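In: coords below, sequence missing:
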C-alpha cells in the first residue's frame, strides 16, 4: 500500500512539474508511455509540447492537457461552447486518443497546457500528421489491446531490423 501511495505521489509530482515547466518556459519535452495514440505516437516516443491557448487550437491537432492529476496527449476532434452554473459560456476542446472509441471529458482553458509540435522516435524526428491515421488501422487497433500490442511488437521488430541493417552499412 505504501508503494502505491508513493507511486501516485511521484506521478502527481511529475505532472505538476511538467505543468510548471510548460507554463513558465513555454515548452516541455516528455516521453510518452501510453498506447492511446497508437499508431501516430508510440510508447517511448519523445514529444515536444509548446504552450498554446484554447483559441489557438484547431481540430486535428494533438494537445497536452492535465485532468484529474494525469497528463494526456490526445487529438482534438471538435470544439464546443458549453454553459455552467459558474460561467455562462465557456469554450472547450473535445479530444480522443487515436485508438480509443470514446471522447475524453471536455478540456477547458486551465487544463490545456499546449500543442504537440514534434515527435522523436529512435533519435529521428517523425512527421507530424494533422489528421487521424488510416481508418482501417485504427479500427483494427480499437478491436482489442492484443491487436495493439501485436502492432507495437511488429513495429519494434521492424525498427530493429531497419536500424541494424543501417548500422552494418556504415
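Out: Arrived safely. If you're wondering where the values come from, they're calculated on a predicted model, not measured in any experiment.
In: buried residues, stretch 119-136. List them.
Out: 119, 121, 126, 128, 133 (16 or more other C-beta atoms under 10 Å). (Glycine included, C-beta is placed from N, CA and C.)
In: for the second one, give its distance to residue 48.
Out: To tie it back to what came earlier, the one meant is residue 121. In this view, residue 121 and residue 48 are 12 Å apart by C-beta to C-beta, to the nearest Å.
In: could you point out which element follows the helix or strand containing residue 77?
Out: Using DSSP states H and E, residue 77 sits within strand 70-82. On the C-terminal side of strand 70-82, the closest following helix or strand by DSSP H and E is strand 90-96.
In: tell me what that next one is packed against?
Out: Using 3 or more C-beta pairs under 8 Å, 6 or more residues apart in numbering; DSSP states H and E, the elements in contact with strand 90-96 are strand 62-67, strand 70-82.
In: mind running it again at 10 Å?
Out: When contacts are defined as 3 or more C-beta pairs under 10 Å, 6 or more residues apart in numbering; DSSP states H and E, strand 90-96 packs onto strand 62-67, strand 70-82, strand 112-121.
In: specify the beta-bridge partners of residue 116.
Out: Under DSSP bridges, the beta-bridge partners of residue 116 are residue 49.
In: need the residue closest to the centroid of this structure.
Out: Compute the mean C-alpha point of the chain, and by C-alpha atoms, centre = their mean the closest residue is residue 73, 2.0 Å away.
In: for that residue, which non-adjacent residue is closest in space?
Out: residue 64 (5.3 Å; C-beta to C-beta, 6 or more residues apart in numbering).
In: okay, and the beta partners of the one you found?
Out: residue 73, residue 114.
In: which residues touch it?
Out: Residue 64 makes contact with 18-19, 22, 28, 30, 47, 49-52, 71-74, 107, 111-116, according to C-beta atoms under 10 Å, 6 or more residues apart in numbering.
In: hmm, try it at 8 Å
Out: The contact partners of residue 64, taken as C-beta atoms under 8 Å, 6 or more residues apart in numbering, are 22, 28, 30, 47, 49, 71-73, 112-116.
In: dump the buried residues of stretch 119-136 to JSON lines, plus distance to residue 150.
Out: JSON lines is the format used below for the buried residues of stretch 119-136 (distance: C-beta to C-beta, whole Å):
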{"residue": "119", "distance to residue 150": "22"}
{"residue": "121", "distance to residue 150": "19"}
{"residue": "126", "distance to residue 150": "21"}
{"residue": "128", "distance to residue 150": "25"}
{"residue": "133", "distance to residue 150": "16"}
